[in-house]
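1. Take this sequence and fold it.
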Amino acid sequence: MAKVVKANLKMKIKGGQASAAPPVGSTLGQYGVNMMDFIQPFNDATKDQMGQLITAHITVYDDRTMSFRVVGLPTDDRIRAELGIQKGSGKPNSEKIAKKLTDAQLTKIATDKAHDMNTDDIAAVKKMVAGTARSMGVEIEA
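-> All right, here's what the predicted structure looks like:
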């Protein structure tokens with residue numbers, strides 16, 4: 001029989017630096033979960049991404065156990081980092097960003113993002129990343 005889910009949580013934590021201090025301790029503590037069952041495995045799984053802000057999706061079950069998965073950076077953050085810009089356009093249909101995303105950059109972002117998506121097809125992930133870029137006012141070079 002499947003476990004009953006008590007809560008689904010999302011937390012942004014620096015890689016390899018989770019501790020019992022807030023936000024981890026206060027969030028997991030209210031559900032009666034042993035936070036060390038999260039902190040040690042999370043730090044081990046993210047030690048190669050030390051200091052980067054990482055999103056963790058945590059599922060807390062009724063029997064006070066939990067599971068988690070680490071999700072990579074959001075697509076818009078990856079695009080901004082790749083282009084070296086602070087933010088997207090406020091009016092993406094009429095005001096475009098001066099920098100354009102090349103096909104090589106698009107492929108790099110899609111390859112990095114593929115493990116978080118529900119497909120293994122890089123061409124499909126490239127289309128999703130391109131859509132996010134267009135919604136930010138970033139044009140794609142063919």
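2. pretty sure residue 18 contacts residue 36?
-> No - using Cβ atoms under 8 Å, residue 18 and residue 36 do not qualify as a contacting pair, with a distance of 10.1 Å. The C-beta positions use only the backbone N, C-alpha and C, and glycine is treated the same way.
3. Those two: which is more packed in?
-> The residue with more neighbours, out of residue 18 and residue 36, is residue 18; 23 against 10, by other Cβ atoms under 10 Å.
4. got a list of what the more buried one touches?
-> Residue 18 makes contact with 24, 38-39, 42-43, 46 under the criterion Cβ atoms under 8 Å, 6 or more residues apart in numbering.
5. Quick check: of those, which lies closest to residue 62?
-> Proximity of the contacts of residue 18 to residue 62, judged by Cβ to Cβ, is greatest for residue 38, which lies at 16.9 Å.
6. could you point out which element follows the helix or strand hosting the closest one?
-> Using DSSP states H and E, the element containing residue 38 is helix 36-45. Per DSSP H and E, helix 36-45 leads on to strand 53-61 as the next helix or strand towards the C-terminus.
7. contacts for that next one?
-> Contacts of strand 53-61 from elsewhere in the structure, counted by Cβ under 8 Å, 6+ apart, are 3-15, 28, 31, 33, 38, 42, 46, 66-74.
8. Export only the CA atoms of it, formatted as PDB.
-> Extracted C-alpha coordinates of strand 53-61, given in PDB (Å, rounded to 0.1, in the frame of the first residue of the first chain):
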ATOM      1  CA  LEU A  53      21.200  27.900  -4.800                       C
ATOM      2  CA  ILE A  54      19.500  24.600  -5.400                       C
ATOM      3  CA  THR A  55      15.800  23.700  -5.300                       C
ATOM      4  CA  ALA A  56      14.800  20.600  -3.300                       C
ATOM      5  CA  HIS A  57      11.400  19.100  -3.700                       C
ATOM      6  CA  ILE A  58      10.600  17.200  -0.400                       C
ATOM      7  CA  THR A  59       7.600  14.900   0.100                       C
ATOM      8  CA  VAL A  60       6.700  14.300   3.700                       C
ATOM      9  CA  TYR A  61       4.700  11.200   4.500                       C
END
